[in-house]
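>>> Take a look and give me a structure for this.
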Amino acid sequence: MSQEAKMSRIGLALGGGGTRGAFEIGAWKAFRELDIQFAAITGTSIGAINGALMLSCGFDRAIELWQDLQYEQCLTFSSQLELKSSDLLNLKNSDILAKEIFAQGGLDTGPLRELLLSYIDEKAVRANPVRFGLMTVQLNELRPAPLWIEDIPPGQLIDFIMASAHLPGLQPVEIGGKRYLDGGFAENVPVSMLRRQGFRHIVAVDLEPRVSVRCPWEDNTQMTLIHDRQDLGSLLDLDQDLIRRNQRLGYLDTMKAFDQLNGEFYTFSQADYTNLLSEFGADLLSGFEQAALAFELDRSQVYAADDFLAQVHALHQTARQQYEQKRQELQVESKVKAMASGTLRVLRMQPAMRLEFLAELTASLEQGKHPLKIPFKLFPNLNWTAKALQRLDTL
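Sure, this is the predicted structure:
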């Protein structure tokens, strides 16, 4: 194969992140619609599971796996018990988890192994022209263990996928006398495996709250990063509403990454986003989106420009009314005095109330009612939101 042909191939790196991996299923839907073909897929932890699903069972079966997924399909508990939260790592479940880990020497993932065996066809993965690789860590030697399908002995693919997804607290994974640990401890988005194989066009799906892929590189690698700018939730939360939302966000963020849609936190058509940018500028537009976050506007849909502004304005009016009703409870006046004296170190308010407080402070400052300098460290990510709300009030 010529060097030019090698460089034109696209590799996909799927990151680890537990049940946040539903986001990658949404990305897969977008890849299908955009007809993006990959020459190789690598994955870490849940990324290894999703990558193997992509190369064997097909999209509809993968959706079936994620739909109505229950902990009983993934873990065996020593006795009949009832979790107090859909988020396994929630503090409400800490006593249950501690007892199980102590009783069994780690949580038993036997059911997850059987589930994967019923969905992932090893022969199909090996026969697929798209190469498959996964990242794990060899615990005995404390070193990364990147493995391509040809490095994995026949019949052991599921074993090594389980090794890639072995989080602390789970029962040990031992293969051939060697113990393995979750690949996220080596490289959560296994881009390096693709680069070592000569790939210079890589699509990376990162599930972490902060981007974990490090770039750019000194060579001519082109990377398309798919990453949501908000937290996708806990590492082990099987709440079905959250899973469906993350699938939708994975689809939307992938469409943004390939310039089919646009938006920072919310999603618009390219035409609507361009019109918003032209009318309001980048700072105010960012302020509108940050305000929408504070008001908890649904992020899982594509908004028409006018509808988005109207919804943010309506939420702002509702929040302002609530703020006025709660002024005494929120101790607004005492907070203003503490802010003026420089003694206010922490601002304990819900995001919507914090934003309305900032809007009031900004308006008062502009009207010359007080010489207060607003400490924006108490209002993270809200620098332009107050001005954006003022502009909305004039529309």
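>>> what's the neighbour count on residue 54?
Using other CB atoms under 10 Å, residue 54 has 25 other residues around it. Just so you know, the C-beta spots here come from the backbone N, C-alpha and C atoms, and that holds for glycine as well.
>>> My guess is it contacts residue 41. True?
Yes - counting by CB atoms under 8 Å, residue 54 touches residue 41, with 6.2 Å between them.
>>> so where's the stretch 151-300 of the chain uncertain?
For the stretch 151-300 of the chain, the stretches with pLDDT under 70 are 215-218.
>>> all strands of it, in order?
Applying DSSP state E, counting those that start in this stretch to the stretch 151-300 of the chain gives strands spanning 173-175, 178-182, 201-206, 222-227, 261-262, 267-269.
>>> For residue 382, find the nearest of those strands.
Across the strands of the stretch 151-300 of the chain, residue 382 has its closest neighbour in strand 267-269 (21.1 Å, CB to CB).
>>> Centre of the chain to that closest one, how far?
Here strand 267-269 is found 19 Å from its chain centre; the criterion is CA atoms, centre = their mean, to the nearest Å.
>>> Quickly run through the sheet partners of it, with directions.
strand 261-262 (antiparallel), strand 302-303 (parallel) (DSSP bridges).
>>> Out of these, which is closest to residue 247?
strand 302-303 (15.0 Å).
>>> what residues are up against residue 76?
108, 110-111 (CB atoms under 8 Å, 6 or more residues apart in numbering).
>>> Can you select the buried ones from these in ChimeraX?
To isolate the buried subset of those in ChimeraX, counting by 16 or more other CB atoms under 10 Å, use the following:
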select :108
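>>> on that earlier part again, comparing the strands of the stretch 151-300 of the chain, which stretch has the densest surroundings?
Neighbour counts (mean count of other CB atoms under 10 Å) averaged over each of the strands of the stretch 151-300 of the chain peak at strand 201-206, with a mean of 24.
>>> starting at the chain centroid, how far to that one?
Counting by CA atoms, centre = their mean, strand 201-206 is centred 14 Å from the centre of its parent chain.
>>> Can I get that strand in CSV, CA atoms only?
What follows is strand 201-206 as a C-alpha-only set of coordinates in CSV (Å, rounded to 0.1, in the frame of the first residue of the first chain):
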residue,chain,number,x,y,z
HIS,A,201,-6.6,10.7,10.0
ILE,A,202,-8.2,9.7,13.4
VAL,A,203,-11.6,10.2,14.8
ALA,A,204,-11.5,10.2,18.6
VAL,A,205,-14.6,9.9,20.9
ASP,A,206,-13.7,11.2,24.4
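>>> which strand is the longest one in the protein?
Determined from DSSP state E, the single longest strand within the chain is strand 131-138.
>>> thinking again about what came up before, just put the strands of the stretch 151-300 of the chain in CSV and tack on distance to residue 34.
Putting the strands of the stretch 151-300 of the chain into CSV (distance: least, CB to CB, whole Å) gives the following:
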stretch, distance to residue 34
strand 173-175, 36
strand 178-182, 31
strand 201-206, 11
strand 222-227, 11
strand 261-262, 12
strand 267-269, 16
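>>> and after the longest strand of the chain, which helix or strand comes next?
Per DSSP states H and E, the first helix or strand lying C-terminal to strand 131-138 is strand 143-148.
>>> re earlier: remind me what the longest strand of the chain packs against, helices and strands.
Identification of packing neighbours for strand 131-138 by 3 or more CB pairs under 8 Å, 6 or more residues apart in numbering; DSSP states H and E yields strand 40-44, helix 46-54, strand 143-148, helix 157-164, strand 178-182.
>>> Rebuild the ones you listed as TSV, extending it with distance to residue 18.
TSV is the format used below for the helices and strands packed on strand 131-138 (distance: least, CB to CB, whole Å):
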stretch	distance to residue 18
strand 40-44	11
helix 46-54	6
strand 143-148	20
helix 157-164	13
strand 178-182	10
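>>> related to what we said a few turns ago, direction included, what does the longest strand of the chain pair against?
Sheet pairing for strand 131-138, assigned by DSSP bridges, gives strand 40-44 (parallel), strand 143-148 (antiparallel), strand 178-182 (antiparallel).
>>> and that strand, average pLDDT?
Averaging pLDDT along strand 131-138 gives 97.
>>> next one: stretch 356-372
Averaging pLDDT along stretch 356-372 gives 80.
>>> CA atoms of that stretch as PDB?
The C-alpha coordinates for stretch 356-372 follow below in PDB (Å, rounded to 0.1, in the frame of the first residue of the first chain):
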ATOM      1  CA  GLU A 356     -30.700  36.200  38.200                       C
ATOM      2  CA  PHE A 357     -28.600  37.600  41.100                       C
ATOM      3  CA  LEU A 358     -25.800  38.400  38.600                       C
ATOM      4  CA  ALA A 359     -28.300  40.000  36.300                       C
ATOM      5  CA  GLU A 360     -29.500  42.200  39.200                       C
ATOM      6  CA  LEU A 361     -26.000  43.200  40.200                       C
ATOM      7  CA  THR A 362     -25.100  44.000  36.600                       C
ATOM      8  CA  ALA A 363     -28.100  46.200  36.100                       C
ATOM      9  CA  SER A 364     -27.500  48.000  39.400                       C
ATOM     10  CA  LEU A 365     -23.900  48.600  38.500                       C
ATOM     11  CA  GLU A 366     -24.800  50.100  35.100                       C
ATOM     12  CA  GLN A 367     -27.500  52.300  36.700                       C
ATOM     13  CA  GLY A 368     -24.900  53.600  39.200                       C
ATOM     14  CA  LYS A 369     -26.800  52.400  42.200                       C
ATOM     15  CA  HIS A 370     -23.600  51.100  43.900                       C
ATOM     16  CA  PRO A 371     -19.900  51.100  43.100                       C
ATOM     17  CA  LEU A 372     -19.600  47.400  43.600                       C
END
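>>> buried set for it?
356-362.
>>> same thing with stretch 63-79?
In terms of neighbour count (16+ other CB under 10 Å), stretch 63-79 has its buried residues at 65-66, 69, 71, 74-75, 77.
>>> ok, now stretch 102-118?
For stretch 102-118, the neighbour count (16+ other CB under 10 Å) marks 106-109, 112-113, 115-116 as buried.
>>> buried sites along the helix or strand harbouring residue 335?
Per DSSP H and E, residue 335 falls inside helix 332-341. Buried residues in helix 332-341, counted by 16+ other CB under 10 Å: 332, 335-336, 339.
>>> and residue 229, how many neighbours does it have?
Residue 229: 14 surrounding residues under other CB under 10 Å.
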